[in-house]
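# Sequence first, predicted coordinates after that:
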Amino acid sequence: MTRYSPPTDHHTGLELGLEAALAEAEILVSGWGCPRLTADVLAKAPCLQAVFHAAGSVKSLVSEAVWERGITVSSAAEANAHPVASYAFALITLAARRTLAVAAHYADGWPDFASRTGADNLTVGIVGASRIGRRVIAELHRSDARFTILVSDPHLTDDEARRIGARRVELPELCRQSTVVSVHAPLLPETTGLINAAMLALMPDGGALINTARGAIVDTAALTHECASGRLEAYLDVTEPEPLPPEHLLASLPNVLLTPHIAGAQGSEVRRLGAYAIAEIERWLRGEPLLGPVSRDALSHLA
């Protein structure tokens with residue numbers, strides 16, 4: 001009988017097994033929290049040809065070494081877009097009725113329904129014609145409510161905006177005209193702090209800001225000021241920093257809804273991401289075009 005002897009180096013048996021598997025792997029399926037694919041990691045995966053990310057953004061995953069090796073990269077971001085868009089649409093529906101402001105006065109009795117706001121004839125501004133932004137626009141059109149939809153995106157033409165069912169305007173005009181502003185832009189150097197004090201000040205009294213994209217796109221201090229005054233509502237699934245410290249003023253305001261980054265695939269919805277990745281692998285093995293390819297050039301303007 002042979003006794004088991006633990007590895008004599010600093011690696012555990014599990015780590016050695018993983019390294020052995022990585023050395024032979026041609027396909028890698030990754031997800032949230034996967035270690036970054038640096039040159040050192042890739043050196044241990046000489047056979048690797050493709051990475052299929054069963055999650056959204058790959059920015060924290062891929063490094064320049066991935067592109068230098070010519071490794072194919074695919075993301076299931078499209079599968080994750082539907083839950084986010086559905087969640088954002090639900091928040092727009094709540095914001096249309098100034099739900100938070102009304103709920104804060106629940107003890108005061110029934111409101112005057114005739115004087116309340118509703119979704120009909122509401123102007124909604126979509127910041128970013130991303131895959132999620134476009135899905136939100138489509139959700140708004142499928143609704144029975146008669147929304148006016150504005151969109152602001154520097155990469156979108158007037159004709160493209162009309163094709164997706166919106167009118168393209170510059171960001172200041174969108175903020176000025178929209179009762180509800182929903183953020184769906186990627187976090188880039190040029191979008192960091194995009195929704196700043198000046199943009200928030202343009203929004204009409206009683207308006208609402210929704211952010212299911214990235215917290216740093218919105219100036220937290222400026223938004224806190226507007227919400228603390230009671231002028232605006234905010235529905236925030238993302239914040240900067242994330243999470244906010246418990247003592248932050250936004251966490252205690254009745255006209256602010258904070259949720260912990262739950263707009264994306266949750267629970268049973270995560271199966272969609274795995275199914276998408278498997279279908280992509282099958283397409284890749286058959287030599288067919290991928291539905292979620294990510295290129296080095298495209299990564300610079302993706303979420």
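Sure, I can see it.
# Mind checking what secondary structure Pro204 has?
coil (DSSP: H, G, I helix; E, B strand; the rest coil).
# nope, Ser74 is what I meant
When classified by three-state DSSP, Ser74 comes out as strand.
# if I pick it, what's in contact with it?
By CB atoms under 8 Å, 6 or more residues apart in numbering, Ser74 lies in contact with 50-53, 277, 280, 284, 290-294. C-beta here means a position set from N, CA and C on the backbone, and glycine is covered the same way.
# Next one: it relative to Ala279, how far apart?
10 Å (CB to CB, to the nearest Å).
# so what sits against both of the two?
With contacts defined as CB under 8 Å, 6+ apart, the residues shared by Ser74 and Ala279 are Leu291.
# pLDDT score assigned to the most centrally placed residue in the chain?
Most central in the chain under CA atoms, centre = their mean is Ala213, positioned 3.8 Å from the mean C-alpha point. Here the pLDDT value assigned to Ala213 is 97.
# Name the nearest residue to Arg296, sequence neighbours excluded.
Spatially, and ignoring its direct neighbours in sequence, Arg296 is nearest to Trp67 (4.4 Å; CB to CB, 6 or more residues apart in numbering).
# go on, Cys34?
Closest to Cys34 by CB to CB, 6+ apart is Leu61, at 5.8 Å.
# Make sure that neighbour is actually in contact with Gly33.
No: counting by CB atoms under 8 Å, Leu61 does not reach Gly33; the two are 9.8 Å apart.
# More neighbours: these two, which one.
The neighbour comparison of Leu61 against Gly33 (other CB atoms under 10 Å) goes to Leu61, with 22 against 8.
# Point me to the helix or strand that includes the closest residue to Ala39 other than its chain neighbours.
Of all residues not flanking Ala39 in the chain, Ala65 sits nearest, at 3.9 Å (CB to CB, 6+ apart). In this structure, Ala65 sits in helix 64-68 according to DSSP states H and E.
# can you count the residues close to the nearest residue to Leu253 once chain neighbours are set aside?
Nearest residue to Leu253, sequence neighbours excluded (CB to CB, 6+ apart): Cys227, at 5.3 Å. For Cys227, the count of nearby residues is 23 (other CB under 10 Å).
# now swap in Asn80 and tell me
Residues near Asn80, counting by other CB under 10 Å, number 25.
# Assign a three-state SS to it, would you?
Using three-state DSSP, the structure places Asn80 in helix.
# Just give the nearest non-adjacent residue to it, would you?
Distance criterion CB to CB, 6+ apart; nearest residue to Asn80, sequence neighbours excluded, is Gly56 at 4.5 Å.
# what pLDDT, on average, does stretch 47-58 get?
Mean pLDDT, stretch 47-58: 95.
# can you pull out the strands in the stretch 101-250 of the chain?
Shown for the stretch 101-250 of the chain, the strands assigned by DSSP state E, counting those that start in this stretch span residues 123-127, 148-152, 167-168, 180-183, 208-211, 233-236.
# other SSEs contacting the fourth one?
What that stands for is strand 180-183. With contacts taken as 3 or more CB pairs under 8 Å, 6 or more residues apart in numbering; DSSP states H and E, strand 180-183 sits against helix 77-96, strand 123-127, strand 208-211.
# right, and those - which one's nearest Leu188?
Closest approach to Leu188 among these (CB to CB): strand 123-127, 12.7 Å.
# can I have the closest one written out in PDB, keeping just the CAs?
Output in PDB follows, covering the C-alpha atoms of strand 123-127 (Å, rounded to 0.1, in the frame of the first residue of the first chain):
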ATOM      1  CA  THR A 123     -40.300  61.800 -21.400                       C
ATOM      2  CA  VAL A 124     -37.600  59.300 -20.700                       C
ATOM      3  CA  GLY A 125     -34.000  60.000 -21.500                       C
ATOM      4  CA  ILE A 126     -31.700  57.100 -22.200                       C
ATOM      5  CA  VAL A 127     -28.000  57.900 -21.700                       C
END
